[in-house]
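Asks: Got a predicted model here, sequence first, then my questions.
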Amino acid sequence: MKRFWTTALMVTLASLVVFLRLNQSAPAPRAASLLPDSTALLLAIPDLARARAGFEGTAACALWQEPQVQVLAQDVNRAFMELLGAPKGKERHPAFLPSLFAPAEGEVFLAITELSAQPRPHGKAVLGMDVRRNLLATKIALAYREFRIRTWNRTARFYTKTLGAVDCRVWELNPHLRIYHAFLNSLLVYTHDEETLRAMIARFAGQAGADFKPLAASPAYCEALARVRPLPEIVAYANPSRFRQAPPWLTRAEPLMLGTTFLNSQLRDLRYSRRAATAAALSPPRRWQTMTLTTPHTACYRAGVTDWENAYRELADTLAASGDRALMSRLTQFERALRHNGIRPREDLFRMLGPETALLANWREGARLPDAALVIELQNPEPMRLRLDVAMTALKSATDNAPPWDVTRFHDETLRTLRLPTTAFAPTYFVTDKFFVLASSPDYARDLVNRLKDTAPTLATTDEYQESLKRLPANATAYTYCNLRAVVPPLLAEARNGIAACPNLFFRAEKLPAPEILTPHLAPLVSATWEDNQGKTVITISPLGKPATMMFGALAAWFAARPHLHPTPAVPTTSSSTRPRGNPTAPPQTPTR
């Protein structure tokens, strides 16, 4: 009996030594030391374990854990796994992304080292994750994932290849798609081409050429990273000048850095971009005059300082560099119409616009489209009335088959409406002694005229707006407020209708979560911008993070617009005996004066 326990103890100790040996590894190299300074895009989580712990207390995490949101995520995961070759008809598959990043504990990053737009968009990407103490578990998980792929894809090939002094595993899913992965100490690296992985291994082994410059030594990267410290949980860096064969307007853009941190239950995004050589720093106004056009129910309000003369110059330079003759012809036609009336585009028109510029939006209950308006301060209103009438007519004439202006009078203001036959959008503009206002419909334009004539409570009087802006710095050159509780439900309803009319592979209308599930986790998105001689910094506080909010909003808007972009006889039409207020296709309901 004593011999048995002695043998068992020795076997246990030997197994423990083998386990520790197989799971032992030197520290992983940092992504910025392996990536070249020509990297076009980098998305990194410097410490995934710390990020997981911080994320658990956020509203975004609570929203993610909602059962209806999990059902949607499983449905999207099912479609994605079937796209990769998994058996169809199986309702549940292992979650791809969670299982992929489950072993990671340290740095996780995705980098685009090369990106080209011609002759077709293509690039080279690297995905890396530091597994730290999960080295053995990660190798077992990779073997199991390979086994699963073999059962799905009988034609796939799997083999090992030595690159430098490192053995890498190759998954050849088809003759045109290969996935390479290798361990650089505890850093697991995935690539889709051998050349990129070979270069990463050479840099890891210290065998890179003398001309190699890591991203960590790039002045632009280091400067941008220093502007978002302390080190955030999520970092995104983009250098558009590294995009090969991209449009000139994109390659001239300055590098930018975005850092996201978890602030109580909210997410704070801090974005920094270097100042262009031709741009000048803007000063904030003493008071935002466009606030008078808002109401306590305004869903979105953005007020900022804009140099319209410089913006027009950049637009003209961009169109000239694009080589698009059709757009250049329209710009030339627009400027010729202005000069024919004795108006110099930059000196007499755009220089007199601003500096204060605002965007307003509101979504009425039952309306299919939101009401929106662009408001620009005027420096010299009297001559600008005629100049803007000429400019808007010239802009309309530069488009094809534009109908004439529908001119009406309301409260001593002249409203000019362009009623487009193929869309529900009916832009309407008017010019006052303070502002140029371009609204999305004549009804909303009349509402804004009423706001200018009457003294009534504004958005600034609401407690939610005041509390939201307390978290932002003062003296900013731009402020943004968006009440997500007022925007998400109608947008989600339109996206649901669009998906039902135009089905797709990943989303099903009946799987989208109900608005009452989402709204308790939402809060206003607020943002502030300030500038100095070096660059521009934007701070945003929101429940989901600004990038995710914009991505989900754009995706929902795309699904909502699909039936109207590609109408088919099968798409149901919506009709009602009572039109929602704000429908620009309806005749004016307010008596003209």
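Replies: Sure, I can see it. Numbering: from 1, shown residues only.

Asks: what stretches of the stretch 451-593 of the chain score poorly on pLDDT?
Replies: Under the criterion pLDDT under 70, the flagged ranges of the stretch 451-593 of the chain are 566-593.

Asks: which residues of it fall in helices?
Replies: Secondary structure of the stretch 451-593 of the chain (DSSP state H, counting those that start in this stretch): helices at 463-469, 484-501, 515-518, 546-565.

Asks: Strands of the stretch 1-150 of the chain, start to end?
Replies: For the stretch 1-150 of the chain, the strands defined by DSSP state E, counting those that start in this stretch cover 41-45, 108-116, 122-130.

Asks: Let's see the first one as PDB, backbone CA atoms only.
Replies: Read it as strand 41-45. What follows is strand 41-45, C-alpha atoms only, in PDB (Å, rounded to 0.1, in the frame of the first residue of the first chain):
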ATOM      1  CA  LEU A  41      -5.000  50.500 -38.900                       C
ATOM      2  CA  LEU A  42      -4.500  49.000 -35.400                       C
ATOM      3  CA  LEU A  43      -7.300  48.000 -33.000                       C
ATOM      4  CA  ALA A  44      -5.900  46.800 -29.700                       C
ATOM      5  CA  ILE A  45      -7.000  45.900 -26.200                       C
END
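
Asks: What helices and strands are in contact with it?
Replies: helix 31-34, strand 108-116, strand 234-238 (3 or more C-beta pairs under 8 Å, 6 or more residues apart in numbering; DSSP states H and E). (Glycine included, C-beta is placed from N, CA and C.)

Asks: Quick one: residues in contact with that strand.
Replies: For strand 41-45, contacts defined as C-beta atoms under 8 Å, 6 or more residues apart in numbering pick out 31-32, 35, 51, 107-112, 115, 215, 233-239.

Asks: which residues of the protein score low on pLDDT?
Replies: If you take pLDDT under 70 as the line, the chain has these spans: 1-25, 84-85, 89-98, 117-121, 244-252, 276-282, 566-593.

Asks: so what's the closest residue to Tyr465 other than its chain neighbours up against?
Replies: Spatial nearest neighbour of Tyr465, chain neighbours left out: Leu459 (5.3 Å); criterion: C-beta to C-beta, 6 or more residues apart in numbering. By C-beta under 8 Å, 6+ apart, the contact set of Leu459 is 291, 294-296, 298, 301, 465, 481.

Asks: Weed out the non-buried ones from those.
Replies: Among the contacts of Leu459, those classed as buried by 16 or more other C-beta atoms under 10 Å are 291, 294-295, 298, 301, 465, 481.

Asks: And the furthest pair within those?
Replies: Taking C-beta to C-beta, the two most distant members of the buried ones among the contacts of Leu459 are Thr295 and Tyr481; they sit 12.8 Å apart.

Asks: on that earlier part again, what's the closest of the helices and strands packed on strand 41-45 to Asp532?
Replies: The closest of these to Asp532 is strand 234-238. By C-beta to C-beta, the value is 20.1 Å.

Asks: residues in contact with that closest one?
Replies: Residues from elsewhere that reach strand 234-238 (C-beta under 8 Å, 6+ apart): 39-46, 51, 221, 224-225, 228, 255-260, 547.

Asks: Would you quantify the distance from Asp348 to Leu555?
Replies: Distance of Asp348 to Leu555, given as C-beta to C-beta, to the nearest Å: 42 Å.

Asks: of the two, who's got more company?
Replies: Taking neighbours as other C-beta atoms under 10 Å, Asp348 and Leu555 compare with Asp348 leading, 18 against 12.

Asks: give me every residue that touches the more buried one.
Replies: Taking C-beta under 8 Å, 6+ apart, we find Asp348 in contact with Arg387.

Asks: Ramachandran angles for it?
Replies: Here is the backbone geometry of Asp348 (degrees, to the nearest 10): phi -90, psi -20.

Asks: Would you convert the strands of the stretch 1-150 of the chain into JSON lines that also reports mean neighbour count?
Replies: Conversion of the strands of the stretch 1-150 of the chain to JSON lines gives the following (neighbours: other C-beta atoms under 10 Å):
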{"stretch": "strand 41-45", "mean neighbour count": "20"}
{"stretch": "strand 108-116", "mean neighbour count": "20"}
{"stretch": "strand 122-130", "mean neighbour count": "20"}
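
Asks: who wins for proximity to Pro404 among those?
Replies: Evaluated with C-beta to C-beta, the strands of the stretch 1-150 of the chain place strand 108-116 nearest to Pro404, the distance being 45.6 Å.

Asks: Now do that closest one: which elements does it pack against?
Replies: Going by 3+ C-beta pairs under 8 Å, 6+ apart, strand 108-116 lies up against strand 41-45, strand 122-130.

Asks: Format these as TSV; extra columns: distance to Thr408.
Replies: As requested, those are exported to TSV (distance: least, C-beta to C-beta, whole Å):
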stretch	distance to Thr408
strand 41-45	49
strand 122-130	52
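
Asks: I'd like to know which of these lies nearest to Val488.
Replies: Of the helices and strands packed on strand 108-116, nearest to Val488 by C-beta to C-beta is strand 41-45, at 24.9 Å.

Asks: quick revisit: which of the buried ones among the contacts of Leu459 fall within helices?
Replies: Among the buried ones among the contacts of Leu459, the ones falling in helices (DSSP state H) are Tyr465.

Asks: any chance of the buried ones among the contacts of Leu459 in a markdown table, with distance to Glu194 too?
Replies: Shown next, in a markdown table, are the buried ones among the contacts of Leu459 (distance: C-beta to C-beta, whole Å):
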| residue | distance to Glu194 |
| --- | --- |
| Met291 | 58 |
| Thr294 | 57 |
| Thr295 | 60 |
| Thr298 | 55 |
| Tyr301 | 52 |
| Tyr465 | 55 |
| Tyr481 | 50 |
